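Q: I need the structure of the sequence given here:
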Amino acid sequence: MNAKIEIVRGDITEMTNEAIVNAANESLRHGGGVAGAISRKGGRAIQMESNEWVRTHGKVQTGSAAITSAGNLPSKYVIHAVGPVMGSGDEDTKLRSATISALNIALDHQIKSIAFPAISTGIYGYPIDRCARIMLSTVKDYLLEHDKLDRVTFCLFDQTGFDIFTQIWQDIQTQKK
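A: Here you go, the predicted structure:
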């Protein structure tokens, strides 16, 4: 694996990766949480492009992703990944699929660096430790098969999330195959 996986504490809207991932809903309405912050800081273009995407392609199904420009953000793209609502059933598979969908879009657009939030851990109620294990192991496995990405960053807004992702990443790295 040539790509670097890093975990940082910060504001995903300030990340300079080529793409950042938005924890989106199926309608790509960016009202609150990560999506709201991205839309507010990125400007109207992101919501307008999201509306156009849905008008043209239909809703983005849970476990899938779509891409828009990043408007006024320092990144070039926003990849809108729709994670699961806790209690909807088969949540781990849906989160894994949303993560892979975002990575596939990055490859399709020749993106070399991408930053993820902890998808579905806000209003969707997904436990952050479970999210960390699924997303980190999915990205690690993906990067073993695909060598086009240079850097995958997990950007956690608070210290608790950062600590959980860091500890689980250490656990994953020390596991024997």
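Q: mind listing the strands for the chain?
A: Using DSSP state E, the strands of the chain run over 4-9, 19-24, 65-69, 77-82, 113-116, 151-156.
Q: right, and these - which one's nearest residue 53?
A: With respect to residue 53, and counting by CB to CB, the nearest of the strands of the chain is strand 65-69 at 5.0 Å. The C-beta positions use only the backbone N, C-alpha and C, and glycine is treated the same way.
Q: tell me the angle the closest one makes with strand 77-82.
A: When axes from the mean of the first three to the mean of the last three CA atoms, to 10 degrees is applied, the directions of strand 65-69 and strand 77-82 differ by 150 degrees.
Q: What is strand 65-69 packed up against?
A: Packing contacts for strand 65-69, counted by 3 or more CB pairs under 8 Å, 6 or more residues apart in numbering; DSSP states H and E, involve strand 19-24, helix 44-57, strand 77-82, helix 91-108.
Q: any idea which of the strands of the chain is most buried?
A: Neighbour counts (mean count of other CB atoms under 10 Å) averaged over each of the strands of the chain peak at strand 19-24, with a mean of 29.
Q: contact partners of it?
A: 12-13, 30, 33-35, 38, 60, 65-67, 70, 73, 75-83, 102, 106, 109, 111, 113-122, 124, 155 (CB atoms under 8 Å, 6 or more residues apart in numbering).
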